[in-house]
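Enquirer: Build me a structure from this.
(3 chains)
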Amino acid sequence: MFERRHLLGLEGVSAAEIAFLLDTAESFKEVSEREIKKVPTLRGRTVVNLFYENSTRTRTSFEIAAKRLSADTINLSASSSSAQKGETLTDTARNLAAMRPDAIIVRHPSAGAPHLLARHVDCPIINGGDGAHEHPTQALLDLLTIRSHKGQIAGLTVAIVGDLLHSRVARSNLFGLRTMGARVRFVGPPTLVPPEFADLGAELVNDLHEGLRDADVIMMLRIQRERMNGRYFSSLDEYSRLYCLSGEAVAKARKDVIILHPGPMNRGVEISSTVADGPYSVIMDQVTNGVAVRMAALYVLVGRRREIESAGEDAVNEPVPLRRAAAAE
Amino acid sequence: MFERRHLLGLEGVSAAEIAFLLDTAESFKEVSEREIKKVPTLRGRTVVNLFYENSTRTRTSFEIAAKRLSADTINLSASSSSAQKGETLTDTARNLAAMRPDAIIVRHPSAGAPHLLARHVDCPIINGGDGAHEHPTQALLDLLTIRSHKGQIAGLTVAIVGDLLHSRVARSNLFGLRTMGARVRFVGPPTLVPPEFADLGAELVNDLHEGLRDADVIMMLRIQRERMNGRYFSSLDEYSRLYCLSGEAVAKARKDVIILHPGPMNRGVEISSTVADGPYSVIMDQVTNGVAVRMAALYVLVGRRREIESAGEDAVNEPVPLRRAAAAE
Amino acid sequence: MFERRHLLGLEGVSAAEIAFLLDTAESFKEVSEREIKKVPTLRGRTVVNLFYENSTRTRTSFEIAAKRLSADTINLSASSSSAQKGETLTDTARNLAAMRPDAIIVRHPSAGAPHLLARHVDCPIINGGDGAHEHPTQALLDLLTIRSHKGQIAGLTVAIVGDLLHSRVARSNLFGLRTMGARVRFVGPPTLVPPEFADLGAELVNDLHEGLRDADVIMMLRIQRERMNGRYFSSLDEYSRLYCLSGEAVAKARKDVIILHPGPMNRGVEISSTVADGPYSVIMDQVTNGVAVRMAALYVLVGRRREIESAGEDAVNEPVPLRRAAAAE
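Expert: Residues are numbered from 1 along each chain as shown, chains lettered A, B, ... in the order given. Predicted coordinates for the structure are as follows:
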């Protein structure tokens, strides 16, 4: 069960809640494999994508998820928004809320932006990435991918490699993986693996090969090229030489290791093409699972909540149980 | 009744027409409060948002309105449009019209742009704001908000405060409010309250406190910061000191005054946060009413017209009376 | 019949295939003239518009086409895409494909981009314009417009005038027109009509009046102003003096000539307003036919293929024959 009103992060979310979200996502995966990829679950609901940072993958994934649930979607980007006219984030959100959306997905460069919205609007908020803080649906899709391939998460060793310092993906995964019982290693140069993460339960390792030893799962992080020139590292070339995931590095991990990357990839920088396209890569599965996880999040926050609140309403409004929805289509 | 083909402005629109639009909007308000916020009224119709100026609120409001009527929506912005390739506005519109949309909503920096389109295309045009000329759906949502709170518009004193010179919101409201029998005061510095407005029926007042005296309604206009530095006013600080709506200023108005603002607000510039979030503020109601007014405009121009023209067609095409539509969903 | 998985260009596409696409488009034209402009053919399918170049007309036309077939549409533009984050085109496409779209329409400044995608993703790819290479749906809508007005294409003389060198529209038309049995003249200054086109079956003419002599069809190409200043031509004025389509020039053609332009037009540069808006112009028909052609392409690549593959499925999934779909709505 997941009784929260919002999905703001995985910090503090229980193992039972995460398992419930993953189970729900699992049941939605099949919808995207059908010919008619649509269930009527959120018909007549309005889902707003409020993106203050550019994104292909996440925005598209949420938009497709909402549409496959039959919701209407509205896209708002920072460049066209009232933010440019000096409006506060809170006012923008309250204005949107006054148009009665059923959920707002927000991506924002500032950590805590979704939490601020959640305090000022009535409808569910989903964090689509806030600064270097959290990106819960990314972590959920990673967890789903790992669970699908490994059967369970508990007991696995997961190495997350790269720029941990700035990574909301790594933070959300750390919370989720630890809660689900995995061992988590943060692997990268000292400037990008700050000691504070040890307090959150990560093992910190600076050497790539040591960090990958006996790993069940390797998760590579995207490197922002401009960060690797001087401030955090001497040069991009030097970074790649030490931390790029090559076939040789993969060999340090377990024989049945799986390799994840949240994308977009810098091929040849943090991951070699051989590895990205090789037999251990489950990167495309992550993307496919992303749609299912977002369908689950929308269903749980919007559809299911209503289902509970409105038990006894008429047939049209009766929420369709997942399996029945599939059949009815 | 509203028999016009387009909604280009409120100048010359009769009290009966305005009342009909407001009544229709009133009947749509309830749709957005439902769980399934959708009526089939405009199913299979195509509504185009052609926005040559950025806008969060207005474009989103129209898009949500169209979708709640089950129309398909297409968004076109200036930055991605053929305008950049040297195409004339008329050619862009005629090209769109050749794709057989059922309505085009246009926002344009030039006054008269929607009227130009209306002469060259077949389908209904809704003015979403043209230069400093008109913004009829904004005025209609203001009228609906006032009527909802005050019971009627006739006899009220409405003070509109700020940069009247450049405000299409003020102009459309002036036409609408005067037609509905309200007394309208334009309040602002002499450079921003040109004497010509007196000919259109506005009382012109330069002192804020005098302008607000015994007002039933205060409507604050958005200040464009860059305009308040030299050309029209000595400085933004000076402007705010004299014209920012504070609690003290509100006290000059009637005890049951309501306060409107079209947004986006510059908190601390033209309106204090205490007032914006205070008990007299109906600013969020305006936004909610905006969706209803735009549903009404689309219904009246697209759905109802067809209803009249196609009386006797088959059941699928039979337009659904509003109340029945609500029940049927 | 059209058995190909993708629509990448008209080069090598047979007369029977083209005729089938045109016939299918013909049957869809009527949908856009209805009150309820929608058939359920692609309900629950996801169509992605992936545009790396700006476009009003083509993107809108595809989006309207998809929506009138009841598909869900997702728009992605270069400016908001991962391309800016250094992701390769192939990775972007594979990521999109992992979200299980039913078709991807791609416009890209590089020739061959759609072909690259077609090799890396599972779903049908439609070329929405690639560099100076091909723009097959534009040529198909031109062919449909010509056929509608002339009864047939075989035996006609078609003069295509302007910047042939950079025109994907001209190339796709050359393939399509030649295959359908028309005689094609490429008319323009020597710098813009390279001799290689003669090998593809075009007659090359440098003089406008000579090129238009006895033409049944004149197709004017859009001039990119910046190209006509020095590199390919001495000046834009000089270009217009020699190649702008005026009434006098039209008089060289047959009395029942029709005039096409893919838009957006530079009035007074490559075509005079008198001609563009005159009795021989079928430019608006082209735009209307564009929606029908794109509905046909989507139907043939997505809906019909499924129809063939899924014969025997249940009633909901049964693809609706075109005529029946029309009636059922």
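Enquirer: in the stretch 201-329 of chain A, which ranges drop under the pLDDT threshold?
Expert: For the stretch 201-329 of chain A, the stretches with pLDDT under 70 are A:305-329.
Enquirer: What segments of it are helices?
Expert: A:208-212, A:236-243, A:247-250, A:273-276, A:283-298, A:305-309, A:322-328 (DSSP state H, counting those that start in this stretch).
Enquirer: what packs against the fifth one?
Expert: So that's helix A:283-298. helix A:15-29, helix A:57-68, helix A:136-150, strand A:258-260, helix C:89-98 (3 or more Cβ pairs under 8 Å, 6 or more residues apart in numbering or on different chains; DSSP states H and E). Every C-beta, even on glycine, is put in place using the N, C-alpha and C of the backbone.
Enquirer: who wins for proximity to chain B among those?
Expert: Chain B lies closest, by Cβ to the nearest Cβ, to one member of the helices and strands packed on helix A:283-298: helix A:57-68, at 11.7 Å.
Enquirer: ok, whichever helix or strand comes after that closest one: who's next to it in the sheet?
Expert: Later in the chain than helix A:57-68, the nearest helix or strand by DSSP states H and E is strand A:72-77. Strand A:72-77 pairs in its sheet with strand A:46-51 (parallel), by DSSP bridges.
Enquirer: roughly how far out does the partner strand sit from the chain middle?
Expert: Here strand A:46-51 is found 16 Å from its chain centre; the criterion is Cα atoms, centre = their mean, to the nearest Å.
Enquirer: State the distance from A:V217 to A:L143.
Expert: Shown here: A:V217 relative to A:L143, a distance of 10 Å by Cβ to Cβ, to the nearest Å.
Enquirer: hmm, back to that, want to throw the helices and strands packed on helix A:283-298 into TSV with mean neighbour count and distance to A:D285?
Expert: Formatted as TSV, these follow (neighbours: other Cβ atoms under 10 Å in any protein chain shown; distance: least, Cβ to Cβ, whole Å):
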stretch	mean neighbour count	distance to A:D285
helix A:15-29	19	10
helix A:57-68	26	13
helix A:136-150	25	5
strand A:258-260	24	9
helix C:89-98	22	8
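Enquirer: closest one to A:D277 among the ones you listed?
Expert: The minimum distance between A:D277 and the helices and strands packed on helix A:283-298 falls on helix C:89-98, with 9.4 Å, by Cβ to Cβ.
Enquirer: Checking the helix or strand just after that closest one against chain B, do any of its residues make contact.
Expert: Scanning forward in sequence from helix C:89-98 by DSSP H and E, the next helix or strand is strand C:103-108. No. Against chain B, strand C:103-108 shows no contacts by Cβ under 8 Å from any Cβ of the partner chain, the least distance being 11.7 Å.
Enquirer: Tell me the strands beside strand C:103-108, with direction?
Expert: Paired strands of strand C:103-108, with direction, are strand C:46-51 (parallel), strand C:125-130 (parallel) (DSSP bridges).
Enquirer: May I see the helices and strands packed on helix A:283-298 organised as a markdown table, with distance to B:G263 added?
Expert: A markdown table is the format used below for the helices and strands packed on helix A:283-298 (distance: least, Cβ to Cβ, whole Å):
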| stretch | distance to B:G263 |
| --- | --- |
| helix A:15-29 | 36 |
| helix A:57-68 | 24 |
| helix A:136-150 | 30 |
| strand A:258-260 | 43 |
| helix C:89-98 | 36 |
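Enquirer: Distance to chain B added to the ones you listed, as a markdown table?
Expert: A markdown table is the format used below for the helices and strands packed on helix A:283-298 (distance: least, Cβ to the nearest Cβ, whole Å):
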| stretch | distance to chain B |
| --- | --- |
| helix A:15-29 | 20 |
| helix A:57-68 | 12 |
| helix A:136-150 | 23 |
| strand A:258-260 | 34 |
| helix C:89-98 | 19 |
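Enquirer: Quick check: which of these is nearest to C:A292?
Expert: Of all those, it is helix A:57-68 that lies closest to C:A292, at 24.4 Å by Cβ to Cβ.
Enquirer: residues from the stretch 1-150 of chain A in reach of chain C?
Expert: Applying Cβ under 8 Å from any Cβ, we find that the stretch 1-150 of chain A lies next to chain C at A:32-38, A:54-57, A:59-61, A:63-64, A:67-68, A:77.
Enquirer: do that again at 7 Å, thanks
Expert: Proximity of the stretch 1-150 of chain A to chain C (Cβ under 7 Å from any Cβ of the partner chain) is limited to residues A:32-33, A:35-38, A:54, A:56-57, A:60-61, A:63-64, A:67, A:77.
Enquirer: what is the mean pLDDT for stretch A:187-194?
Expert: For stretch A:187-194, the mean pLDDT works out to 96.
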